[in-house]
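Engineer: Quick one, structure for this:
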Amino acid sequence: MRRRDFERIVLQALEQLPPLFREALENLDIQVRWRPSLGELRRAGLRRGQGLLGLYLGVPLPSRSNTIHRKRQQSN
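Structural biologist: Numbering: from 1, shown residues only. Below you'll find the model as predicted:
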């Protein structure tokens, strides 16, 4: 399958998600890659040659919300 075709399928799948899930993905950068980098494999606890179908890099939403809340309290 060509990368362009796969990217189109990914976009279609995202568009078909229920609104609640699409809204939760609003500030995520979703990337389609042919292969993960060695660093991404390490972060996922995998070795070269093992499959990686998805990887989230960032602060989990509950932790992010708590951090924002604490920063607001400190600034008041």
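Engineer: so what's Phe6 closest to, chain neighbours aside?
Structural biologist: Counting by Cβ to Cβ, 6 or more residues apart in numbering, Phe6 lies nearest to Val32, which is 6.2 Å off, once chain neighbours are set aside. Backbone N, C-alpha and C define where each C-beta goes, glycine included.
Engineer: low-confidence ranges in the chain?
Structural biologist: Segments of the chain classed as low confidence (criterion: pLDDT under 70) are 64-76.
Engineer: Report the central residue of it.
Structural biologist: Averaging the C-alpha coordinates of the chain gives a centre point, and the residue nearest to it by Cα atoms, centre = their mean is Tyr56 (4.1 Å).
Engineer: That residue in helix, strand or coil?
Structural biologist: coil (DSSP: H, G, I helix; E, B strand; the rest coil).
Engineer: Tell me the spacing between it and Met1.
Structural biologist: In this structure, Tyr56 and Met1 are separated by 24 Å, where distance is defined by Cβ to Cβ, to the nearest Å.
Engineer: With Pro36 instead?
Structural biologist: Between Pro36 and Met1 the distance is 18 Å, computed by Cβ to Cβ.
Engineer: Who has more neighbours out of those two?
Structural biologist: Neighbour tally, Pro36 and Met1, criterion other Cβ atoms under 10 Å: the higher count belongs to Pro36, 19 against 6.
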